[in-house]
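Trainee: generate a structure from the sequence data that follows.
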Amino acid sequence: RVQSLEGVVSSLEEQLAQKESEATEAIAQWEARCASLEENGGDAIRQWEERVQSLEGDVSSLEEQLAQKESEATEAIAQWEARCASLEENGGDAIRQWEERVQS
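Mentor: Now for the predicted structure:
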């Protein structure tokens, strides 16, 4: 009976050692996987940060271009308004002169 129990205990010890070995291997694999994910995640974050900085630079550049174009448009409108006012004034003078000639 004792030998039988010793055999069972020995078998259980072997099974325990096997399970411990499998658990140690699984833990090592998980740790390696986590380290890889942390490293790759860090790379992905750095890439996104670089992309955000690039896009922010693009937006800043476009805002500057927009401000420049708005300034140019405002200047063009002011010149157009001045030209129209001049034409209206000259046209009004021409009409008055024509009316005076017709009346005389």
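Trainee: what ranges does the protein have for its helices?
Mentor: For the chain, applying DSSP state H gives helices covering 2-103.
Trainee: next, name the residue at the spatial heart of it.
Mentor: Val52 (4.2 Å; Cα atoms, centre = their mean).
Trainee: gap between it and Gly42?
Mentor: 16 Å (Cβ to Cβ, to the nearest Å). All C-beta atoms are positioned from the backbone trio N, CA, C, and that covers glycine.
Trainee: again with Thr24
Mentor: Counting by Cβ to Cβ, the gap from Thr24 to Gly42 is 27 Å.
Trainee: repeat for Ala82
Mentor: 60 Å.
Trainee: do Gly7 as well
Mentor: Distance from Gly7 to Gly42, by Cβ to Cβ: 53 Å.
Trainee: what's the answer for Ala76, then?
Mentor: Distance from Ala76 to Gly42, by Cβ to Cβ: 51 Å.
Trainee: kindly report the same for Ala67.
Mentor: From Ala67 to Gly42 the distance is 38 Å (Cβ to Cβ).
Trainee: check Trp30 too.
Mentor: 18 Å.
Trainee: repeat for Ser104
Mentor: For Ser104 relative to Gly42 (Cβ to Cβ), the value is 92 Å.
Trainee: this completes my enquiry, with thanks.
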